[in-house]
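Engineer: I would like the atomic coordinates for the input below:
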Amino acid sequence: MQLLVMGGTQFVGRHIVEAALTRGWQVTLFNRGQTNAELFPYIEKLRGDRDPRIDPGLSALAGRRWDVVIDCNGYVPRLVRASAEALRESCEHYVFISTGSVYDFNQLQGEDDESAALLTLEDPTTEVWFGPAYGGLKVLCEEAVAEIYGERSVSLRLGIVAGPHDPTDRVTYWVSRGARGGDALAFGSPETPLQFIDARDLAEFTLLAAERRYHGVYNTIGPCIHWSHFLHSIQQATRVHTTYHWRDDESFLERLPQDDRRTFGALPLAMPPRLAHIFTFKDDRALAAGLRYRSTLNTVRDILAWDQARPADEERVAGLSPEEEHALL
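Structural biologist: Predicted structure coming up:
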């Protein structure tokens, strides 16, 4: 299998590339070479920019052919359309990595599937994707890919993704916090639902979708568990006892410290009770098509090993410091 990966050097893309190489696939990367450029030194790397207005643009893709393209870093419809059109005659199948944020959370009922209502944008021309327009822009990206490729394309809608090399620290914070032990702050209750998918399980299903030429859209949000299961798995992995003090007052979330360091929140994954049903999406279509989940304990153990090997001074972009947590408790 000859595979072109758009991006491919950060988290989800990185795990997809590693899984493809394990399968013996021939992998080519197309990116700007600005993120983890030292990774995968022995595979072909094409340099360029998704924006055709920025030299050299997509010119490195000209005259080439691949069996499948996996688009890991498409956020702006104009740019996704440009790459999809440039590759229309150069590949048999296009896999677009999308997001569960395409759904209109205000219309969810709980245990929603791919038929749930999608977001719309007041300004569909905006290209400020990191913020409120993120989900709506991804809807338009999906539509552009489907328009150009039809049944030669598939969109995978991710939720929270966990695992080694996670740049968001959302799941990693809780693993790291559990390893410290003592009294910890948590929001919701032990029975509050929670969903995340291991990046490696996602990678395997992405390659399966590529190999079998799936089309349409698939939720790949992850198993619906409860916080009690997640935290128990952390205790099993760390062998450290932590006493969690639960809060469920939504106004408490507004009092948590906010700053530029915490891109993903002071208590990541904390969801107000009125929105708890957001973590109950159904992956039934993907499960029937071959998606498989590893155990929460397996994921937690690998996150723990990776996190403990990170430099102590590496910035964490989610979670409370010990001093902040102590003051709140």
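
Engineer: Is it correct that residue 5 falls within a strand?
Structural biologist: Yes: applying DSSP: H, G, I helix; E, B strand; the rest coil, one finds residue 5 inside a strand.

Engineer: Bridged to it, which residues?
Structural biologist: residue 29, residue 70 (DSSP bridges).

Engineer: ok, residue 155 - contacts?
Structural biologist: 96-98, 142, 145-146, 216-218 (Cβ atoms under 8 Å, 6 or more residues apart in numbering). In short, each C-beta sits where N, CA and C put it, glycine included.

Engineer: I'd like to know which of these are buried.
Structural biologist: Among these, those buried by neighbour count (16 or more other Cβ atoms under 10 Å) are 96-98, 142, 145-146, 217-218.

Engineer: would you turn the residues you listed into a markdown table with secondary structure and distance to residue 302?
Structural biologist: Listed next are the buried ones among the contacts of residue 155 as a markdown table, based on DSSP: H, G, I helix; E, B strand; the rest coil; distance: Cβ to Cβ, whole Å:
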| residue | secondary structure | distance to residue 302 |
| --- | --- | --- |
| 96 | strand | 27 |
| 97 | strand | 21 |
| 98 | strand | 25 |
| 142 | helix | 30 |
| 145 | helix | 31 |
| 146 | helix | 34 |
| 217 | strand | 29 |
| 218 | strand | 24 |
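
Engineer: Out of the residues you listed, the closest to residue 270 would be?
Structural biologist: Nearest to residue 270 among the buried ones among the contacts of residue 155 is residue 98, at 24.2 Å by Cβ to Cβ.

Engineer: re earlier: of the buried ones among the contacts of residue 155, just say which sits nearest to residue 52.
Structural biologist: residue 145 (16.8 Å).

Engineer: how close does that closest one sit to residue 48?
Structural biologist: 19 Å (Cβ to Cβ, to the nearest Å).

Engineer: Please list the residues outside the helix or strand of the chain with the lowest mean pLDDT that contact it.
Structural biologist: Between all helices and strands in the chain, the lowest mean by mean pLDDT, DSSP states H and E belongs to helix 250-254, at a mean of 90. Outside helix 250-254, the residues within contact range by Cβ under 8 Å, 6+ apart are 187, 267, 270, 272-274.

Engineer: Which of the contacts of residue 155 lies at the shortest distance from residue 163?
Structural biologist: residue 97 (14.9 Å).

Engineer: So the closest one sits against residue 12, correct?
Structural biologist: Yes: Residue 97 is within contact range of residue 12, at 6.4 Å (criterion: Cβ atoms under 8 Å).
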